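Undergrad: Could you look at this predicted model? Sequence included:
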Amino acid sequence: MSDVKRPNKRAQKAKETRRRILEAASELFVRDGYGATNLQDVAEKAGVAVQTIYFVFGNKRALLKELVDVTIAGDDEPVATMDRPWYAAALAAVTAQDLLRAYVAGTSSVLERVAPIGKVLEAAVAGDPEVAALWPDDVDPRYVVQQEAAKALVGKPGARAGVSAQEAADLLYGLLSPELYLLFVHGRGWPRERWEQWAFRTLRAQLCSG
């Protein structure tokens, strides 16, 4: 029995170490900036040897990539956004308005996590071309997510007539962007709930009938 438990304990310890490193990196990148933070800083904050970070992630760029991916997902499980329960439940809603309400609520939870690290990523991309190369320009994952939601929405009862899936995707992509979220919530001090209500009402007027 001990032989069975030992690998599980090792895996759990490795997972906990990864989590501490990511939390430390998130705090330091947001507070001090990506460029000003070195891996020794992250290691000290996480309570690990710097060699551990190299072993687990490889380098600082890979650590940032993992941090962004985990922040978007909300956990470290290898499950894409479109396979997440909240996303599937929103797209399964009966009417366009119900879909939109659930989708905006789920997206606002993602944006609350992503918006601060998004500013870090923007600065990192501007200062390091190799960071930009981690996210190819040919496909925007965020637009792909909005596109699938838009396709589902325009096919629901209550969708505004004449609005194409592409137009709906563009509206979702623009209004539910990290930049706009940051502008209202961080820049203008709106509570998240106020932003969520505004985003829903604004999109409902554009995408739903009546």
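TA: Right, received. Where do you want to start?
Undergrad: what about the residue most central in space within the chain, distance to Ile117?
TA: Residue closest to the average C-alpha location in the chain (C-alpha atoms, centre = their mean): Ile72, at 2.2 Å. Per C-beta to C-beta, to the nearest Å, Ile72 is found 9 Å from Ile117. In short, each C-beta sits where N, CA and C put it, glycine included.
Undergrad: Also Val163?
TA: For Val163, the distance to Ile117 - C-beta to C-beta - is 32 Å.
Undergrad: Name the residue in the two with the higher neighbour count.
TA: Counted by other C-beta atoms under 10 Å, Val163 and Ile117 do not tie: Ile117 has more neighbours, with 22 against 18.
Undergrad: mind exporting stretch 170-187 as PDB, just the C-alpha atoms?
TA: C-alpha atoms of stretch 170-187 as PDB (Å, rounded to 0.1, in the frame of the first residue of the first chain):
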ATOM      1  CA  ASP A 170     -17.100  41.100 -32.900                       C
ATOM      2  CA  LEU A 171     -19.400  42.700 -30.400                       C
ATOM      3  CA  LEU A 172     -18.600  40.100 -27.700                       C
ATOM      4  CA  TYR A 173     -14.900  40.400 -28.500                       C
ATOM      5  CA  GLY A 174     -14.900  44.100 -28.100                       C
ATOM      6  CA  LEU A 175     -17.300  44.700 -25.200                       C
ATOM      7  CA  LEU A 176     -16.000  41.700 -23.100                       C
ATOM      8  CA  SER A 177     -12.300  42.600 -23.600                       C
ATOM      9  CA  PRO A 178      -9.800  42.900 -20.800                       C
ATOM     10  CA  GLU A 179      -9.000  46.400 -21.900                       C
ATOM     11  CA  LEU A 180     -12.600  47.600 -21.500                       C
ATOM     12  CA  TYR A 181     -12.900  45.800 -18.200                       C
ATOM     13  CA  LEU A 182      -9.700  47.500 -16.900                       C
ATOM     14  CA  LEU A 183     -10.900  50.900 -18.100                       C
ATOM     15  CA  PHE A 184     -14.200  50.700 -16.200                       C
ATOM     16  CA  VAL A 185     -13.300  48.600 -13.100                       C
ATOM     17  CA  HIS A 186      -9.700  49.600 -12.500                       C
ATOM     18  CA  GLY A 187      -9.700  53.000 -14.200                       C
END
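Undergrad: How about residues contacting that stretch?
TA: By C-beta atoms under 8 Å, 6 or more residues apart in numbering, the residues outside stretch 170-187 that reach it are 103-104, 107-108, 111-112, 114-116, 118-119, 142-143, 146, 149-150, 190-192, 194-195, 198-199, 202-203, 206-207.
Undergrad: Gln40 touches Ala49, doesn't it?
TA: No: Gln40 is beyond contact range of Ala49, at 9.8 Å (criterion: C-beta atoms under 8 Å).
Undergrad: With that, I have no additional questions.
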